[in-house]
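>>> sharing a sequence plus its predicted fold:
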Amino acid sequence: MVNLGADSNVPTISADESALLLQRYGPLAQAVRELIDATIRTQADDTTAGEVTAQVRQLTERLRAGTLSDAPGLRYIVDGRPLAWGNAVIGLRNPIAPPLVIQHGENGHCWTDFHLGAAYEGPPSLVHGGVSALVLDHLLGEAASDGLTKPLFTGTITIKYLRGTPLGPLRAEASVYRRERIKSYARGHISDASGVTVEAEGVFIMPAWARDAGEVDWRHAP
């Protein structure tokens with residue numbers, strides 16, 4: 001988690017600059033997502049598979065020119081929120097991410113409507129349980145941290161699988177139900193058209209460096 005306070009060394013960019021970056025790289029990431037899905041589903045013959053493999057490798061080499069030497073991490077802040085474009089859940093430049101677009105309401109409530117395809121399969125036609133846990137861990141963290149604007153890490157998370165989560169359109173929701181100085185408690189779920197499939201509860205803790213920097217919200221002290 002990166003410090004988002006006034007002394008942060010992470011540059012802030014405008015919403016317009018962020019939109020330009022998304023316009024440049026968002027379609028590329030989406031095209032690779034579609035490539036991943038097609039790779040899983042294809043029944044191409046040896047010749048076609050070989051030709052496409054060579055083409056993909058050539059394109060990969062082109063993209064590697066001028067790449068970052070380390071993990072993307074947090075590169076910018078937009079409107080007080082981190083632009084985590086490499087994030088495995090919401091990263092708009094990460095083809096592994098669905099990606100989720102999180103909506104925020106009042107009192108620590110958030111939600112998202114999203115689609116999980118073949119790349120996220122566990123049991124046949126069902127979402128992998130670890131992917132469900134990944135989604136809920138992130139969404140509960142979004143709720144606990146007020147949209148990733150506060151430095152909090154997952155302390156514990158408990159997942160309860162009620163039934164298989166089908167691939168396809170899904171909805172996830174989360175909300176904060178208690179705060180205690182350096183801890184926030186959140187719960188949430190994933191649902192399909194027939195109802196809730198997975199539930200989760202988690203405790204999110206402010207790290208020591210943030211406490212030392214005086215970022216504890218004492219309004220929630222017991």
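Okay, I see it.

>>> quick check: buried residues in the biggest strand by length in the chain?
In the chain, assigned by DSSP state E, the strand with the most residues is strand 168-180. Neighbour counts over strand 168-180 (16 or more other Cβ atoms under 10 Å) mark 170, 172-176, 179 as buried. In this view, the C-beta of every residue, glycine as well, is placed from N, C-alpha and C.

>>> ok, stretch 97-113 next?
97-100, 102, 108, 110-112.

>>> min pLDDT across the residues you listed, which one?
Lowest pLDDT of the buried residues of stretch 97-113: Gly108, 86.

>>> just checking, that one touches Ser145?
No. Using Cβ atoms under 8 Å, Gly108 is not in contact with Ser145; the gap is 9.3 Å.

>>> now the common contact residues for those two.
Common neighbours of Gly108 and Ser145 (criterion: Cβ atoms under 8 Å, 6 or more residues apart in numbering): Ser184.

>>> Gly202 and His138: what is the separation?
Distance of Gly202 to His138, computed by Cβ to Cβ, to the nearest Å: 10 Å.

>>> which one of the buried residues of strand 168-180 is nearest Pro124?
Leu170 (17.2 Å; Cβ to Cβ).

>>> got the contact list for that closest one?
Contacts of Leu170 (Cβ under 8 Å, 6+ apart): 113-116, 127, 190-192.

>>> quick check: the two most widely separated of the residues you listed?
The largest separation in the contacts of Leu170, counting by Cβ to Cβ, is between Asp113 and Val127 at 14.9 Å.

>>> strands along the protein, start to end?
Under DSSP E, the chain gives strands at 76-78, 81-83, 103-104, 109-116, 153-161, 168-180, 183-192, 195-205.

>>> pipe those into a markdown table and attach distance to Ala65 per row.
Formatted as a markdown table, the strands of the chain follow (distance: least, Cβ to Cβ, whole Å):
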| stretch | distance to Ala65 |
| --- | --- |
| strand 76-78 | 22 |
| strand 81-83 | 23 |
| strand 103-104 | 37 |
| strand 109-116 | 32 |
| strand 153-161 | 35 |
| strand 168-180 | 37 |
| strand 183-192 | 39 |
| strand 195-205 | 39 |
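
>>> quick one: which of these is nearest Gly50?
Once the strands of the chain are compared by Cβ to Cβ, strand 109-116 is nearest, at 29.9 Å.

>>> got the contact list for the closest one?
98-105, 127, 131, 135, 139, 142-143, 147, 167-176.

>>> which residues does Tyr161 contact?
129, 132, 197-198.

>>> of the residues you listed - the most surrounded one?
Most neighbours among these, by other Cβ atoms under 10 Å: Ser132, with 25 neighbours.

>>> show me what contacts it?
By Cβ under 8 Å, 6+ apart, the contact set of Ser132 is 159, 161, 165, 190, 197-198.

>>> could you list the low-pLDDT ranges of the protein?
For the chain, the stretches flagged by pLDDT under 70 are 1-10, 68-76, 78-80, 214-222.

>>> go with 50
1-7, 217-222 (pLDDT under 50).

>>> quick check, central residue of it?
Ranked by distance to the mean C-alpha position of the chain (Cα atoms, centre = their mean), the top residue is Val89 at 2.2 Å.

>>> give the contact list for the residue lying closest to it once chain neighbours are set aside.
Closest residue to Val89 apart from its sequence neighbours, by Cβ to Cβ, 6 or more residues apart in numbering: His138 at 4.1 Å. With contacts defined as Cβ under 8 Å, 6+ apart, His138 is in contact with 87, 89-90, 100.
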